[in-house]
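[1] Could you look at this predicted model? Sequence included:
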Amino acid sequence: MSETRSDALPEVGELVAAGAFGRLHWLREERTDYDSLAERANALIDLLAARRIDYVLVGGLAVAQFVEQRNTQDIDIVMAVKDLTLMPELEVTYSDRDFVRSNFRGVTVDVLFTRNKLFDLVRQRFTTQRYFGSRAVPCGTPEGLVLMKLFALPSLYRQGRTGKIGLYESDVRMLVEAHPMDVEQLMGLLTPHLLATDIRELRSIVDDIRAAIDRAKTRPFGEPRADDPHPL
């Protein structure tokens, strides 16, 4: 697993709190204060390290390590089922074969199990060490995160979860654009884990994303102007 310290993000807790406090219903409900939420998220990362859990951070927090304009209020991690017993502080609210949604002192923690072979592949082959403030955290690589997002898309489409679909496809586009990668190779890794019809549709989605990136590079707006507004 490689290690990267340059351009470290703020602490995990700060990012989780910032994502949560950007949601209007959180502000309306006044569920907890910013500092308390940040401390709880950081405490989870510290517990995982203290108990030597072999995990990898994925989801929005990991994506935020590699692209701008991404925040989240949840923590998503990949780890073995057996290691869940080492974390009794995670209060499970939903579970299925490959996934558990849990609560850690008010922070939502989604756990994806390595008995899913694709999740284990990401943990084994597509993990790097990144720094969130002073904390070194095992984090999915851009390629690993694209694998995770593409793997989830067919199920999201079948469920009609249009908000998540838009977010995940945006994540894929930003990651592919910022970190050139062999997407065809990633599609080959996905093939054993999805239906042939799902792979066909994913190839169409990837083609659309590539076309959108190319269009953005060739729009005839000309060179930057001195009076252009600062991007939001």
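    Now that the structure is in, tell me what you want to look at. Residues are numbered from 1 along each chain as shown.
[2] Measure how far stretch 99-119 is from the centre of its chain, please.
    12 Å (CA atoms, centre = their mean, to the nearest Å).
[3] List the buried residues of that stretch.
    100-102, 104-105, 107-114, 116, 118-119 (16 or more other CB atoms under 10 Å). (Glycine included, C-beta is placed from N, CA and C.)
[4] same question, stretch 74-91
    Neighbour count says stretch 74-91 has 74, 75, 76, 77, 78, 79, 80, 83, 84, 87, 90 buried, by 16+ other CB under 10 Å.
[5] Quick check on the fourth one: phi, psi?
    Translated: residue 77. Backbone geometry at residue 77, expressed as degrees, to the nearest 10, gives phi -130, psi 150.
[6] From residue 46, how far off is it?
    Here the criterion is CB to CB, to the nearest Å. By it, residue 77 lies 14 Å from residue 46.
[7] before we move on, back to that, let me know the closest of the buried residues of stretch 74-91 to residue 226.
    Checking the buried residues of stretch 74-91 against residue 226 with CB to CB, the nearest one is residue 74 at 41.3 Å.
[8] Can you name every helix or strand that the helix or strand encompassing residue 128 contacts?
    Per DSSP states H and E: residue 128 is located in strand 127-132. When contacts are defined as 3 or more CB pairs under 8 Å, 6 or more residues apart in numbering; DSSP states H and E, strand 127-132 packs onto strand 2-3, strand 135-140.
[9] okay, the longest one in CSV with CA atoms only?
    What follows is the C-alpha trace of strand 135-140 in CSV, where atoms were taken according to Å, rounded to 0.1, in the frame of the first residue of the first chain:
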residue,chain,number,x,y,z
ARG,A,135,-4.4,10.9,10.7
ALA,A,136,-3.0,8.4,8.2
VAL,A,137,-6.0,6.5,6.8
PRO,A,138,-6.1,3.6,4.3
CYS,A,139,-8.1,4.9,1.4
GLY,A,140,-9.3,3.6,-1.9
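[10] Could you check the helix or strand following that strand and say which residues are buried?
    Following strand 135-140 in sequence order, the next helix or strand is helix 142-159 (DSSP H and E). Counting neighbours by 16+ other CB under 10 Å, one finds that the buried residues in helix 142-159 are 142-151, 153-154, 156-157.
[11] Which residues does the lengthiest helix in the chain contact?
    Secondary structure of the chain per DSSP state H: the longest helix is helix 196-218. The contact list for helix 196-218, computed with CB atoms under 8 Å, 6 or more residues apart in numbering, reads 150, 153-154, 157, 169, 172-173, 176-177, 183, 187, 190-191, 194.
[12] Of the residues you listed, which belong to helices?
    Counting by DSSP H, the part of these found in helices is 150, 153, 154, 157, 169, 172, 173, 176, 177, 183, 187, 190.
[13] Any idea which residue is closest to the centre of this protein?
    By CA atoms, centre = their mean, the chain has its centre lying nearest to residue 59, at 1.6 Å.
[14] Spatially nearest residue to it, not counting backbone neighbours?
    Among residues not flanking residue 59 along the chain, residue 76 sits closest, at 2.8 Å (CB to CB, 6 or more residues apart in numbering).
[15] per-residue confidence for that neighbour?
    Residue 76 carries a pLDDT score of 93 in this model.
[16] how about it, secondary structure?
    Here residue 76 is strand, with the state taken from DSSP: H, G, I helix; E, B strand; the rest coil.
[17] is it in a bridge, and if so with what?
    residue 58, residue 110 (DSSP bridges).
[18] backbone phi and psi for the residue nearest to residue 74 when sequence neighbours are not counted, please?
    Distance criterion CB to CB, 6+ apart; nearest residue to residue 74, sequence neighbours excluded, is residue 108 at 4.4 Å. With angles defined as degrees, to the nearest 10, residue 108 sits at phi -80, psi 130.
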